[in-house]
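Student: Below is the sequence, then the predicted model.
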Amino acid sequence: MLPAESALALELTRTALKAISIPDAVQPALQRLLEHTAAVGAAYFQLKDDQMYHARTAAGELPEGEAMQAILMHGLPSNLPLLQALQEATQPLFFPVTAEDPVATGFPQLGVQSLAAAPVRDAQGQLQGAFLMHTFQEHRWTVQEKQLFVAVSAMMSLVTVRFIVEEKLLDTREAALRALGLALEFKDGETRGHTERVTHMAVKLGTLFQLEAQDLEALRWGAYLHDVGKLGTPDHVLLKKGQLTAEEWATMQNHVLEGGRFADALGFLPQSSRQVVLAHHEKWNGTGYPVGLKGEDIPRFARIFAVCDVYDALISERPYKRAWSHQEAMQEIRFQSGKHFDPQVVDALGQLMALTAEDVTTMAPQMHQGLN
């Protein structure tokens, strides 16, 4: 490796080690490739579900047209000749004229005339991803360009594999948390679907407030577990169709503390996830439980989640009530603004209900004032 390449690889490695996600780690490397080679575009694709390689991040100019949009949406199929070749490749592959090499099949149709591709392998040697860079005209990759691509892709592969392992661990943890949340629904059939619905709504509401990816993850995990303490609530209380006695109501309220103890036992759970479990029944005016927190003393993720939890409960049938209409539920939530709920979150929920999924992303920067 030449001194300049060594310095660049070291710089990128230091940057990547500080990154919190694959796009954060890889994006600077792709930018450097565009600066120091003839490539006009570069991307990193990662294997998902053993069938498709999904674009995780890209830089520069990408091909246009419906075919490329389909790739960005659905990924590259694992049986693509290039990915099949990378399964066996020990070094990056270079194609000065994609139309002349069957391994590059499909790329000429995208307008890609020259291509470079590097494999990303896990500790067992299995292909997990690929770095690609391209031009829109025929280009003979120089020795210096090849050396740089080899050096950068090798360094970034090591960092990327670390993130892949961490992501798989997080996926496993998330699946376990989701399963715990859903376990309650097998015990209490009347609430079936509640966990999935409120989690989805809370994440969309969090997106409106432009929460970072890690914060959305913590909110999502807390939402999965918000009622997990009810697994210890006696059936005669949990499933009672009539009004609860004072003693039974105290037993029901205890599910929050039980859930908090369960969350504490999960050493990997973020504090903000635990706060959702413990504080989603607190009220803005201080009349909630289990502590009676008031206003902004209530953790913000719990304030976000509480609105979603109550909305779904209102529009769902329960042993003790009929399902309310959307209009009735929103009227009640607006009435409880400043009483039960944070007024800012109530306003955001009203906006969310008027938005499509695409609108949420567009609206997010306008909500960036966020919650305290």
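Tutor: Nice, thanks for sending it over. Residues are numbered from 1 along each chain as shown.
Student: pLDDT (mean, whole number) over the helix or strand that contains residue 333?
Tutor: Take DSSP states H and E as the rule and residue 333 turns out to sit in helix 326-335. For helix 326-335, mean pLDDT is 94.
Student: So what touches it?
Tutor: 307, 310, 311, 314, 315, 324, 341, 346, 349, 350, 353 (Cβ atoms under 8 Å, 6 or more residues apart in numbering). No exception for glycine: its C-beta is placed from N, CA and C like everyone else's.
Student: one more time with 7 Å, if that's ok
Tutor: 307, 310, 311, 314, 315, 341, 346, 349, 350, 353 (Cβ atoms under 7 Å, 6 or more residues apart in numbering).
Student: Pipe those into CSV and attach pLDDT and distance to residue 199 per row.
Tutor: Converted to CSV, the contacts of helix 326-335 look like this (pLDDT from 0 to 100; distance: Cβ to Cβ, whole Å):
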residue, pLDDT, distance to residue 199
307, 97, 13
310, 95, 15
311, 94, 13
314, 92, 17
315, 91, 16
341, 97, 18
346, 97, 19
349, 95, 15
350, 93, 20
353, 88, 17
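Student: Using neighbour counts, give me the buried entries of these.
Tutor: Using 16 or more other Cβ atoms under 10 Å as the burial test, those include 307, 310, 311, 314, 341, 346, 349 as buried.
Student: hmm, back to that, now do the next helix or strand after the helix holding residue 333 and helix 326-335, the angle between them.
Tutor: For helix 326-335, the following helix or strand on the C-terminal side (DSSP H and E) is helix 343-353. With axes from the mean of the first three to the mean of the last three Cα atoms, to 10 degrees defining the directions, helix 343-353 sits at 160 degrees from helix 326-335.
Student: Residue 235 and residue 261: what is the separation?
Tutor: According to Cβ to Cβ, to the nearest Å, residue 235 stands 20 Å off from residue 261.
Student: of those two, who's got more company?
Tutor: Comparing residue 235 with residue 261 by other Cβ atoms under 10 Å, the one with more neighbours is residue 261, at 13 against 9.
Student: Tell me who's in contact with the spatially closest residue to that one that is not a sequence neighbour.
Tutor: The shortest distance from residue 261 to any non-neighbouring residue, by Cβ to Cβ, 6 or more residues apart in numbering, is to residue 229 (7.8 Å). Residue 229 sits next to 255, 256, 257, 258, 259, 262 when contact means Cβ under 7 Å, 6+ apart.
Student: right, and the fourth one touches residue 231 too?
Tutor: No: counting by Cβ atoms under 7 Å, residue 231 is not a contact partner of residue 258; they are 8.0 Å apart.
Student: and this structure, what are its domains?
Tutor: 3-166, 188-367 (automatic domain parsing).
Student: All the helices of the stretch 51-200 of the chain, residue numbers only.
Tutor: 66-74, 81-88, 143-187, 194-208 (DSSP state H, counting those that start in this stretch).
Student: tilt between the longest one and helix 194-208?
Tutor: Same thing as helix 143-187. Using the same axes, to 10 degrees: helix 143-187 against helix 194-208 is 140 degrees.
Student: Please enumerate residues in contact with the helix or strand where residue 304 lies?
Tutor: Take DSSP H and E as the rule and residue 304 turns out to sit in helix 300-315. Outside helix 300-315, the residues that touch it by Cβ under 7 Å, 6+ apart are 194, 197-198, 201-202, 205-206, 218-219, 222-223, 226, 272, 275-276, 279-280, 282, 323-324, 326, 329, 332-333, 341-342, 345-346, 349, 371-372.
Student: Give me the distance from stretch 127-141 to the chain's centre.
Tutor: Its chain's C-alpha centre lies 28 Å from the corresponding centre of stretch 127-141 when counted by Cα atoms, centre = their mean, to the nearest Å.
Student: and that stretch, what's its mean pLDDT?
Tutor: 94.
Student: Which residue is most remote from the mean position of the protein?
Tutor: Most distant residue from the mean C-alpha position of the chain: residue 245, 41.7 Å away (Cα atoms, centre = their mean).
Student: give me every residue that touches that residue.
Tutor: Counting by Cβ under 7 Å, 6+ apart, residue 245 has no contacts.
Student: next one: phi and psi at it?
Tutor: Torsion angles at residue 245 (phi, psi; degrees, to the nearest 10) stand at phi -70, psi 170.
Student: Distance check, it against residue 232.
Tutor: 19 Å.
Student: cool, residue 226 as well?
Tutor: Counting by Cβ to Cβ - residue 226 and residue 232 are separated by 14 Å.
Student: So which of those two has more stuff around it?
Tutor: Neighbour count, other Cβ under 10 Å: between residue 226 and residue 232, residue 226 has more, with 32 against 14.
Student: related to what we said a few turns ago, most tightly packed of the helices of the stretch 51-200 of the chain?
Tutor: helix 194-208 (a mean of 21; mean count of other Cβ atoms under 10 Å).
Student: Show me what that helix is in contact with.
Tutor: 181-182, 185, 215-216, 219-220, 223-224, 304-305, 308-309, 312, 316, 348-349, 351-352, 360, 363-364, 367.
Student: Would you mind giving me the PyMOL syntax to select the buried ones in those residues?
Tutor: To isolate the buried subset of the contacts of helix 194-208 in PyMOL, counting by 16+ other Cβ under 10 Å, use the following:
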select buried, resi 181+185+215+216+219+220+223+224+304+305+308+309+312+316+348+349+351+352+360+363+367
